[in-house]
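Asker: sequence and predicted structure, then a few things I'm wondering about:
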Amino acid sequence: MSERFPDVDWFCDRCHDHLNAQDGFDDNKYTWKCTSCSHKNSISRDNIYDSREDFLGSE
């Protein structure tokens, strides 16, 4: 199965761990439970930011 959002790096909203590097990560799922802190992250177009600064400004 192909990626729903190719070339997008996903990071946990709580601990900021790189989700793409976690075993079994699949952006075709609408949520992903971080294997580092167990936070459930939403994987959707609404959560794609152009920069870290844009992300931090949205919190």
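Answerer: Alright, I've got the coordinates. Note that the structure is predicted; figures quoted are calculated from it, not measured.
Asker: from L19, how far out is D13?
Answerer: 10 Å (CB to CB, to the nearest Å). C-beta coordinates here come from the backbone N, C-alpha and C atoms, glycine included.
Asker: joint contacts of these two?
Answerer: N41 (CB atoms under 8 Å, 6 or more residues apart in numbering).
Asker: of the two, which one has the most company?
Answerer: L19 (20 against 16; other CB atoms under 10 Å).
Asker: so what's that one up against?
Answerer: W10, F11, C12, F25, W32, C34, N41.
Asker: leaving out the residues flanking it, which one is nearest to it?
Answerer: W10 (4.0 Å; CB to CB, 6 or more residues apart in numbering).
Asker: what's the answer for S58, then?
Answerer: According to CB to CB, 6+ apart, the nearest residue to S58 is Y49 (7.0 Å).
Asker: what does the pLDDT read for the one you found?
Answerer: Note for Y49: predicted pLDDT of 91.
Asker: that one touches W10, doesn't it?
Answerer: No - using CB atoms under 8 Å, Y49 makes no contact with W10, being 10.8 Å away.
Asker: neighbour count: the two, which is higher?
Answerer: Neighbours per residue (other CB under 10 Å) separate Y49 from W10, with W10 holding more: 21 against 14.
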